[in-house]
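>>> everything below, folded, please.
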Amino acid sequence: MIIIPGFIISLLTFPGVIVHEAAHQLMCRLTNTPVLNVCYFQTGTPAGFVVHDKPSSGWRHFFIAVAPFLINSVIGCLICLPVALALAAGASLEPVDFLLGWLGVSVGMHAFPSTGDASSLWAAMKEDRTPWHLKLVGFPVVLIIYVGAGLSVVWFDAIYAWLICFALPHSFIELLV
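So this is what the prediction gives:
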């Protein structure tokens with residue numbers, strides 16, 4: 001197993017960090033949750049962050065926390081779609097395809113919310129005012145976030161990015177053909 005320090009991975013995949021933080025900020029705006037501070041990318045730890053007021057409901061908190069998973073996954077997949085189409089057609093790859101592949105995988109690698117997002121979501125799920133049906137969804141999501149973070153030491157984030165950027169589009173193309 002190859003161990004690469006997190007800050008180097010963040011440097012190599014900085015577009016994904018930026019999209020991750022932009023996803024949090026976008027969801028804050030969509031839920032009318034004031035944003036107090038944003039850092040889209042830095043070389044320290046964390047690689048980026050969004051500081052916001054406490055959301056007015058548990059559901060708003062939930063959507064702010066999981067926004068990167070939804071947004072980074074879709075954007076990473078769409079960026080790599082032209083490359084997946086070229087690969088499915090057996091075409092030779094152009095330099096722009098390698099650029100798109102790197103960009104899409106970079107975005108996809110940062111789809112999983114951070115452990116900080118999980119901790120924040122966990123606290124929101126434990127509040128008395130959080131409805132039971134949100135807790136039913138929220139607690140397993142927090143567990144999945146922690147498992148995903150733990151598995152990042154075995155490159156789960158890169159495997160996930162490859163799956164959404166290349167395997168998923170390839171499977172979809174195979175269904176259509």
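>>> for the rest of this, base every contact and every neighbour count on C-alpha atoms.
Fine.
>>> helices of this structure, residue ranges please.
Remark: helices assigned in the chain by DSSP state H are 6-12, 14-30, 58-89, 95-109, 115-126, 132-151, 156-162, 168-176.
>>> list the buried residues of the first one.
To tie it back to what came earlier, the one meant is helix 6-12. By neighbour count on 16 or more other C-alpha atoms under 10 Å, the buried set for helix 6-12 is 7, 10.
>>> so what's the gap between that helix and the chain middle?
Chain-centre distance of helix 6-12: 15 Å, with C-alpha atoms, centre = their mean, to the nearest Å.
>>> now do the last one
The offset between the C-alpha centroid of helix 168-176 and the centroid of the whole chain comes to 22 Å, using C-alpha atoms, centre = their mean.
>>> same question for the third one.
For helix 58-89, the gap between its own C-alpha mean and the chain's C-alpha mean amounts to 7 Å (C-alpha atoms, centre = their mean).
>>> now swap in the fifth one and tell me
Relative to the chain's own centre, helix 115-126 is displaced by 16 Å; criterion: C-alpha atoms, centre = their mean.
>>> got any ranges where the protein has weak pLDDT?
1-2, 4 (pLDDT under 70).
>>> name the residue closest to the centre of it, please.
Central residue of the chain (C-alpha atoms, centre = their mean): residue 111, 1.3 Å from the mean position.
>>> residues contacting that one?
Counting by C-alpha atoms under 8 Å, 6 or more residues apart in numbering, residue 111 touches 16, 20, 68-73, 157.
>>> near residue 143, how many other residues are there?
Using other C-alpha atoms under 10 Å, residue 143 has 13 neighbouring residues.
>>> quick revisit: make TSV out of the helices of the chain and add distance to residue 39.
Below are those laid out as TSV (distance: least, C-alpha to C-alpha, whole Å):
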stretch	distance to residue 39
helix 6-12	14
helix 14-30	8
helix 58-89	15
helix 95-109	17
helix 115-126	15
helix 132-151	21
helix 156-162	22
helix 168-176	31
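>>> before we move on, back to that, JSON lines for the contacts of residue 111, including distance to residue 100 and neighbour count?
Formatted as JSON lines, these follow (distance: C-alpha to C-alpha, whole Å; neighbours: other C-alpha atoms under 10 Å):
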{"residue": "16", "distance to residue 100": "13", "neighbour count": "27"}
{"residue": "20", "distance to residue 100": "18", "neighbour count": "33"}
{"residue": "68", "distance to residue 100": "19", "neighbour count": "29"}
{"residue": "69", "distance to residue 100": "20", "neighbour count": "20"}
{"residue": "70", "distance to residue 100": "19", "neighbour count": "15"}
{"residue": "71", "distance to residue 100": "17", "neighbour count": "21"}
{"residue": "72", "distance to residue 100": "14", "neighbour count": "29"}
{"residue": "73", "distance to residue 100": "15", "neighbour count": "24"}
{"residue": "157", "distance to residue 100": "18", "neighbour count": "21"}
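>>> all set now, cheers.
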